[in-house]
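Chemist: coords below, sequence missing:
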Ligand code: CAA
């Protein structure tokens, strides 16, 4: 089945980035969220980026207009009826995702692929909540989506080869490199990246160095583009904590215990860039 129309569920940081790269590659994209204002905000972010790209001569006005035309606002899953693919990038909450997938499987046609951008939850469990688990797959993007080259293709135990192949092909068409990953807590990147961030938070909590010094150390000593604490703020401290808990519970291994300071910041509502306060102030 040729993929032409795609619904992206969730128009936050990840969802709008995913919608942007798909629309730029020529796909018709339903940008879906629970409220119109959320959808408008997600689309406005893409429009602002397109305006900047035109002003800098990186895109022609025609191309930018075409990308805008490819974006269709939606607050109704029924719009996915004629889509060949749905990519869910909603809140990282198990119960919400299970509910969304159950509904999507009922609304969409038999062959529609149902992908989730989950950063750590079990694809196998999400697939099992639907009536056609073989069409469910993980398609995990990285933030900022238009810049980061990787897509982790996470197969549930039930995912069929045709579904994985279609997602691999799509990833190539939108200029990403995909890697096949076994369904396992945190997949590959977050299993390695988030414990590193967690360790940086332990170091900060123990007074090893200041946030600025820890970040500078990792930038200069390990050539990371961004220090781990700045990256934690960028990802969202609630997301970092949620991923640590998935690793901790998924592996039943204490080496994944979240840093107490990470928990405290999340309790305080200091979630990073999105709340203007995390390890840094914005
Ligand atoms: N759309 C299109 N292009 C964008 C963009 C967007 N939304 N945001 C940034 N860019 C482009 C800029 O236009 C710029 O392009 P040019 O060089 O052609 O001008 C380029 O990206 C670099 O942007 P900036 O100059 O603004 O910033 P920078 O050079 O400081 O890089 C960064 C910023 C790309 C974020 C870099 O610091 C970086 O790579 N940081 C690490 C990010 C990372 O690790 N991400 C993974 C997080 S984990 C995750 O996402 C998974 C999860 O499940 C939690």
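Modeler: Good, I have the coordinates. Predicted model, so just to flag it, every value in this text is computed and none were measured.

Chemist: Residue numbers of the stretch 1-150 of the chain in contact with the ligand?
Modeler: 17, 49, 119, 142-144, 146-148 (Cβ under 6 Å from any ligand atom). No exception for glycine: its C-beta is placed from N, CA and C like everyone else's.

Chemist: Type out the ChimeraX command that picks the buried ones from those residues.
Modeler: Here is the ChimeraX selection string for the buried members of those, based on 16 or more other Cβ atoms under 10 Å:
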select :17,49,119,142,143,146
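
Chemist: quick one: least confident of the residues of the stretch 1-150 of the chain next to the ligand?
Modeler: Within those, pLDDT reaches its minimum at residue 119, with 90.

Chemist: If you tally nearby residues, what's the number for residue 178?
Modeler: Residues contacting residue 178 under the criterion other Cβ atoms under 10 Å number 19.

Chemist: now it, nearest residue through space, not along the chain?
Modeler: residue 171 (4.0 Å; Cβ to Cβ, 6 or more residues apart in numbering).

Chemist: returning to what we had before: now secondary structure too, for the residues of the stretch 1-150 of the chain next to the ligand, in CSV please.
Modeler: Below are these laid out as CSV (DSSP: H, G, I helix; E, B strand; the rest coil):
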residue, secondary structure
17, helix
49, helix
119, coil
142, coil
143, coil
144, coil
146, coil
147, coil
148, coil
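
Chemist: Reformat the residues of the stretch 1-150 of the chain next to the ligand as TSV; add distance to residue 23.
Modeler: Shown next, in TSV, are those (distance: Cβ to Cβ, whole Å):
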residue	distance to residue 23
17	11
49	11
119	23
142	18
143	18
144	15
146	11
147	16
148	17
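
Chemist: coming back round to it: the residue nearest to residue 178: which element?
Modeler: Using DSSP states H and E, residue 171 falls within helix 161-173.

Chemist: Also residue 154?
Modeler: Using DSSP H and E, residue 154 falls in strand 150-155.
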